[in-house]
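Asker: this one's structure only:
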């Protein structure tokens with residue numbers, strides 16, 4: 001009896017270690033200077049890009065895989081949108097099968113809670129399903145291209161879905 005219990009415990013430990021080693025997730029922090037007065041910091045976890053999560057999202061719902069965060073040290077004006085200094089959850093609103101808008105929800109959300117859409121700051125966005133595949137979620141701040149040439153954008157790449165939202 002003691003031997004079978006010991007064998008089970010050892011097998012459980014090896015199995016647990018193999019799972020942890022086989023598929024790591026990385027906590028990441030990205031910091032960028034947006035302007036002389038504003039620093040933006042993104043913190044997130046490189047969660048596995050589950051295409052079904054995006055595919056099955058309801059139209060008009062704010063979705064956020066693992067709630068990546070954006071912290072702004074000062075106010076930003078992005079076109080007609082003002083983004084006050086503070087902390088936001090980065091996500092997207094699905095308007096249609098190939099139509100997504102980048103959104104920032106102020107504050108925090110409890111796991112499984114729905115964001116009040118009226119509180120979401122919608123960024124001028126550009127969506128693509130042909131920007132390659134990111135096996136794990138990638139969030140970044142980078143120079144824009146195309147219609148965002150000369151602007152700074154927040155990007156979210158999740159599987160084959162790529163979304164850019166203008167920050168200035």
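Answerer: Received, thanks. Bear in mind that the values here come from a model prediction, so they are computed numbers and not experimental data. Residues are numbered from 1 along each chain as shown.
Asker: Next, the contact list for the most centrally placed residue in the chain, please.
Answerer: Geometric centre of the chain, nearest residue: residue 68, 4.5 Å, by Cα atoms, centre = their mean. Shown in contact with residue 68 (Cβ atoms under 8 Å, 6 or more residues apart in numbering): 42-45, 89-90, 137, 139, 156. Where C-beta positions appear, they are placed from N, C-alpha and C, glycine not excepted.
Asker: again, 10 Å this time
Answerer: Counting by Cβ atoms under 10 Å, 6 or more residues apart in numbering, residue 68 makes contact with 28, 30, 42-47, 88-91, 137-139, 154, 156.
Asker: residue boundaries of the helices in the chain?
Answerer: Ranges of helices in the chain, per DSSP state H, are 2-22, 51-55.
Asker: other SSEs contacting the last one?
Answerer: Just to be clear, that refers to helix 51-55. Helix 51-55 is packed against strand 86-96, strand 152-159, strand 161-166, with contacts defined by 3 or more Cβ pairs under 10 Å, 6 or more residues apart in numbering; DSSP states H and E.
Asker: Take the ones you listed and write them to JSON lines, including distance to residue 126 and mean pLDDT.
Answerer: Formatted as JSON lines, the helices and strands packed on helix 51-55 follow (distance: least, Cβ to Cβ, whole Å; pLDDT from 0 to 100):
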{"stretch": "strand 86-96", "distance to residue 126": "12", "mean pLDDT": "96"}
{"stretch": "strand 152-159", "distance to residue 126": "8", "mean pLDDT": "95"}
{"stretch": "strand 161-166", "distance to residue 126": "5", "mean pLDDT": "95"}
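Asker: Between these, which one is closest to residue 56.
Answerer: Among the helices and strands packed on helix 51-55, the nearest to residue 56 by Cβ to Cβ is strand 86-96 (9.8 Å).
Asker: Buried residues of the closest one, list them for me.
Answerer: Neighbour-count burial for strand 86-96, counted by 16 or more other Cβ atoms under 10 Å, picks out 88-94.
Asker: Neighbouring strands of it in the sheet, and parallel or not?
Answerer: The strands that strand 86-96 pairs with in its sheet are strand 62-63 (antiparallel), strand 69-72 (antiparallel), strand 99-106 (antiparallel) (by DSSP bridges).
Asker: Can you lay out the buried residues of strand 86-96 as a markdown table showing distance to residue 127?
Answerer: Formatted as a markdown table, the buried residues of strand 86-96 follow (distance: Cβ to Cβ, whole Å):
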| residue | distance to residue 127 |
| --- | --- |
| 88 | 19 |
| 89 | 19 |
| 90 | 15 |
| 91 | 13 |
| 92 | 8 |
| 93 | 11 |
| 94 | 10 |
